[in-house]
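In: Provided below for reference: sequence and predicted model.
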Amino acid sequence: MPFIDVVEAQYSYPGADGGALNGLSLRIERGEYVAIVGANGSGKTTLALHLNGLLVPSAGRVEVAGLDTRLAGSLAPIRHMVALVFQKPEDQVVGISVEEDAAFGPENLGLPRPEIRRRVDEALRRAGLRELRERSPHELSGGQKQRLAIAGALAMEPECLVLDEATAMLDPSGRSSVVELLAELNDAGVTLVHVTHRMELAARASRLVVLDRGRVAADASPREVFEREELPRWGLRPPAAFEISRRLSARLPVSLHLDVGSLGRELVALARSIPAGPIDQASAAAGRAARWRPATGRPIVELETVSHAYGDSRGLRGEIPSLRDVSLAVRGGEAIALIGATGSGKSTLLQHLNALILPARGGLRVDGVPITPDTRDLAPIRRRIGLVFQSPEEQLFEQYVGDEIAYGPRLQGLSGKRLTERVRWAMECVGLPFEPYKDRLTFALSGGEQRKVAIAGVIALRPAVLLLDEPTSGLDPEGAEEILGLLERLRAEGTALVLSTHEMEEAARVADRAVALSEGRVAFDGAARELFGRPEALEDLGLEAPAPARLLAQLRAAGLPLPAVALGAEELESALMDLFAPRAGGGTKRGKNAAV
Amino acid sequence: MPPFDGAGAFGLARYRPGRSLLHLLHPAAKALALAGLLAAAIVAPPPSELAALFLLLNVALLSWAPSALPSAYRTLLALAPFLLLLVAIQSVGVPSVRWGARLPLGPVVLFGGELASCVATLLRYADLVLLLGLWAATSRLSDLAYATESLSAPFARLGFPSRAFSLAITIALYFIPLLGEEAERLRKSQAARGLDFRPRGLGLIRAVRAFLPLLVPLMVLALRHAENLARAMEARGYSSGGTHTRLAVHPVRPADVLVPAVSLLLVPLVLLDPFRNVDSLLRSLAL
């Protein structure tokens, strides 16, 4: 008997057209590590909620250890066996202290006090929160809060843990602490079901299930799934290491890899196995791509030795988003990636750049004019330097898409034909055709479309500089891709961009200048390619370099003569070809490829 | 002052860890004692009992939560303009206290009785602030939830959902600052789109309309949060009215009976006005 058995399950949300689950069947055995992936709206969360009876199928059935979730009497034992962890840690906290929060589940199970104590101690130890047991959950960082949510689930001592995008809101170091915990749990025999958008995380599972429109579209090992050509149709992309190894395998005798580490090891072994030929170190070290030059011209917005600290009551929460002596100038047409761990001050810096926060110490100048608390009207500045907050779709309020986007321009004084034209332009900028979308209900759009509407609402002010706080967080790979394409278009049209992000691949793609913040200070300001070429420096900041950069660093550390800076997969590939081709004396597949 | 940086320091409400008699008192006993003392401070006839209570509270703070004493006085100082106004409204020009020596103060003439009444009222407010400070400094927020649950437990037999009630308090304590942060984020994001929240003589409908960009998303967020939280609680085996146990258990000790008993007895005691001789002595001095 399978541990979890989903048989032909159907479910539709009230008022929604089309079902969320359309006859979905899935069997999960004890001790498995299953990743569930799929585009937004493919039914992942709905499935997760079915696994412990929070939702029950309208047709078909879900059984956990032989117990049917539709029977009220089986819910308590099922929830004891299958624990769920959700995306937002804030939505899961019930206790006033870390310890009490972890105790909530066992208390509901009616366990005797010594047993609750034992379980809470054990769960907090596993989640690495023992030292913080007396703290208020308010005072924890994002990663710690999510580990607390997992501890709360572990204290139920479940046989199976279901995580629904439980790492989506975390920075790389928070994410890796959760991922390590998951691996430990699975080794200890806990069945894991991990719903995620991140393919590197999905690749860690032993089994990958792809959902598409409420059904299982593929169910195989991660490697087999990533090789399927329908992947883009399901709204998915393979992890970066897989893509790099696939490109290389066309020209070099390397196999496909799911993680950068193992690909690097194979490349090093390959380099050693080929008899050393004459290596043109000079040409290899010179690098291929053009050097980055700082933008020149008059800055549009400038911060000069700005410091900012929030009040005491905020400082208590453990994250102190403050700035210390930050100087930064943004010039026309530049694209800057603002990176740093959670709490390093990225959002605070963005809000200084468009005068939402005026510097307590230091100066802010827009187009050379100093902005002070006496500046009468800040609205024109905020229009010139537009800011898109994190999850901006949560801020929508108008009933119709057109009105929502027209809101800012209307406040600016536009009306009639000029207003319509402005809204049309902004909508088409973000890829929402004007006629079919202007009268659609804002709240009935998909998450990705809502985010586009929110971005259009800011672009409609025609800012010279666009600031974006985590523009792709929470979107599926396809949705993220659309937003990145939009940013590239805006940049090509001359809008300067400053985007804060945890996703280094994204930063590397959109920006050529990187500003790294660490505890409120500027730790790096220069060419993005230079920063991403130093994975150890990024790790010190609690971040992770893009996959090609990590691979490059690994190869260089093994003594392979490769240039110190490379960004994209293409550049890395050509650098590797430079390295291997002369060594193998044309013996690699290069000859074949060159003919193509 | 940056326009959106509204967070102030609420030192008075901060818990100061310790193992004093008050810290270890059963939360329900502490809540009862607080209620008794608050009632005593409110009903005490002026002013010697209030002064005695004031002295007592200072000694208590000094011995059990000395680090809370400065913030209690800072709070008093911050409230001073407001308190003085209240005191003036309540005490000056009230016919019943226009007795005693006449004290000319420029164009105004104050009576000794008015002055005594001012002192008493001021002492009363100071007592209330210090009391709350003392309680907050020695009680965790979880104590509040625990006290609510223990004190309402006897009513559970009558069908009162005592656990749900205390849970609601706990969640609200977490939710209110969260909602506040959300509102601030929304304010900022709408300001980034050019909205100006400063009042400019708008009509009522336009004023309400100006706040729609805040209210609609805030409501949506609050509802979504409530829904997610309910789901997360259900996933962790919570059901309203279901049986449950508790990790935190406070055994009842003699002090837990004694302390609230004494403080509740204070109410009838101060009503008897045991220090009335002191008061009349003061009164005769004032005359």
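Out: Okay, I see it.

In: Check the residue most central in space within chain A and give its pLDDT.
Out: Nearest residue to the geometric centre of chain A (C-alpha atoms, centre = their mean): A:Ser473, 4.9 Å. A:Ser473 is assigned 85 on the pLDDT scale.

In: The one 5 residues further on now?
Out: pLDDT, A:Glu478: 83.

In: wait, what's in contact with B:Leu103?
Out: Residues in contact with B:Leu103 (C-beta atoms under 8 Å, 6 or more residues apart in numbering or on different chains) are B:109-112, B:115. All C-beta atoms are positioned from the backbone trio N, CA, C, and that covers glycine.

In: switch the cut-off to 10 Å
Out: B:109-112, B:114-115, B:286 (C-beta atoms under 10 Å, 6 or more residues apart in numbering or on different chains).

In: Name the nearest of these relative to A:Arg113.
Out: B:Leu115 (57.3 Å; C-beta to C-beta).

In: what's the nearest residue to that closest one if we skip its chain neighbours?
Out: B:Leu103 (6.8 Å; C-beta to C-beta, 6 or more residues apart in numbering or on different chains).

In: Neighbouring strands - and their directions - for whatever helix or strand that neighbour lives in?
Out: Secondary-structure assignment from DSSP states H and E places B:Leu103 in strand B:102-105. Looking at strand B:102-105 with DSSP bridges, its partner strands are strand B:108-111 (antiparallel).

In: Identify all contacting residues around the strand it pairs with.
Out: Contact with strand B:108-111 is made by B:91-94, B:97-104, B:117-118, B:286, as judged by C-beta under 10 Å, 6+ apart.

In: for the residues you listed, which one is nearest chain A?
Out: Relative to chain A, the closest of the contacts of strand B:108-111 is B:Cys118; by C-beta to the nearest C-beta it sits at 32.9 Å.

In: quick one, what contacts that closest one?
Out: Neighbours of B:Cys118 in contact, by C-beta under 10 Å, 6+ apart: B:46-47, B:84, B:87-88, B:90-92, B:97, B:110.

In: got it, and B:Val257?
Out: B:26, B:29, B:32.

In: Quick one: low-confidence residue ranges for the chain.
Out: Since no chain was named, I'll use chain A. A:275-292, A:310-321, A:565-567, A:582-596 (pLDDT under 70).

In: look at chain B instead
Out: Chain B contains residues with pLDDT under 70 at B:1-13, B:46, B:197-204, B:206-207, B:240-242, B:286-287.

In: how about 90 then?
Out: B:1-25, B:27, B:40-53, B:55-57, B:60-125, B:129-230, B:233-234, B:236-253, B:255, B:263-287 (pLDDT under 90).

In: Next one: A:Leu129 from chain B, what distance?
Out: 15 Å (C-beta to the nearest C-beta, to the nearest Å).

In: I figured that residue hits A:Glu139, correct?
Out: No: contact criterion C-beta atoms under 10 Å: A:Leu129 and A:Glu139 do not qualify, at 11.7 Å.

In: what is in contact with these two at once?
Out: The contact lists of A:Leu129 and A:Glu139 share A:98, A:145, where a contact means C-beta under 10 Å, 6+ apart.

In: neighbour-wise, which of the two wins?
Out: A:Leu129 (22 against 16; other C-beta atoms under 10 Å in any protein chain shown).

In: and the more buried one, what does it touch?
Out: A:98-99, A:101-102, A:123, A:135, A:140, A:144-145, A:147-148, A:150-151.

In: Ok, A:Ser391 next?
Out: A:169, A:447, A:450-451, A:454, A:469-471, A:473-474, B:185.

In: Quick check on the residues you listed: which are buried?
Out: For the contacts of A:Ser391, burial is judged from neighbour counts taken by 16 or more other C-beta atoms under 10 Å in any protein chain shown, and it is met by A:169, A:450-451, A:454, A:469-471, A:474, B:185.

In: got those as a markdown table, with distance to B:Leu281 and secondary structure columns?
Out: Shown next, in a markdown table, are these (distance: C-beta to C-beta, whole Å; DSSP: H, G, I helix; E, B strand; the rest coil):
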| residue | distance to B:Leu281 | secondary structure |
| --- | --- | --- |
| A:Met169 | 67 | coil |
| A:Gln450 | 75 | helix |
| A:Arg451 | 75 | helix |
| A:Ala454 | 72 | helix |
| A:Asp469 | 68 | strand |
| A:Glu470 | 71 | coil |
| A:Pro471 | 75 | coil |
| A:Gly474 | 73 | coil |
| B:Arg185 | 60 | helix |
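
In: Please enumerate the strands of the stretch 351-500 of chain A.
Out: For the stretch 351-500 of chain A, applying DSSP state E, counting those that start in this stretch gives strands covering A:361-366, A:369-371, A:385-388, A:465-469, A:496-500.
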